[in-house]
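Enquirer: coords please:
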Amino acid sequence: MLLSEYHAELAEVIGRYAHTDLIVGSELTVDARTSKLGVIKGALVFADGARLFFTEYVDTRYRLEKLTYSYHCQDADASMLFRYDNAAHKPALSYACHKHLTSGEIIEASVPELSSVLDEVMERYVL
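Expert: Predicted structure coming up:
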């Protein structure tokens, strides 16, 4: 898979969720290092002012691999709702992939897909 193909897939995912009218703004950029390696960044704004910022450093040479990633969701007041990432911590965590909760707790979590993160955000709007 080419990096441009993965970028197009992410744009399609965002487009599907944008049809809910809950996403009022979006930005998606790619910084290609090669045709199969690069950084994809995005920012989504929701109708209530919440925001989702994400960055993926991906390698698509053999399979899609997220070398580093971050999905940070915050409310309109910039208070964190949740964050997935694989950044190193001090003191070190016993797992690389994790999720930060509003409570400050950090739990182990698998590498998320953008669609699953958007599903989690959308759960806030279900009545």
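Enquirer: Quote the end-to-end distance of stretch 71-87.
Expert: Separation of the first and last residues of stretch 71-87 by C-alpha to C-alpha, to the nearest Å is 11 Å.
Enquirer: Buried ones in it, by neighbour count?
Expert: By neighbour count on 16 or more other C-beta atoms under 10 Å, the buried set for stretch 71-87 is 71-74, 81-86. Every residue, glycine included, has its C-beta placed from N, CA and C.
Enquirer: and what of stretch 47-57?
Expert: Residues of stretch 47-57 classed as buried by neighbour count (16+ other C-beta under 10 Å): 50-52, 54-57.
Enquirer: ok, residues contacting that stretch?
Expert: The contact list for stretch 47-57 (C-beta atoms under 8 Å, 6 or more residues apart in numbering) reads 21-24, 38-46, 66-76, 81, 114, 117-118, 121, 124-125.
Enquirer: swap in stretch 87-105?
Expert: Contacts for stretch 87-105 (C-beta under 8 Å, 6+ apart): 68, 70, 79-86, 106-111.
Enquirer: How about stretch 113-120?
Expert: Contacts of stretch 113-120 (C-beta under 8 Å, 6+ apart): 10, 13-14, 17, 42, 44, 52, 54, 71, 73, 82, 84.
Enquirer: The residues you listed: which two are farthest apart?
Expert: Within the contacts of stretch 113-120, L10 and F82 form the most distant pair, 19.2 Å apart (C-beta to C-beta).
Enquirer: pLDDT below threshold where in the chain?
Expert: 126-127 (pLDDT under 70).
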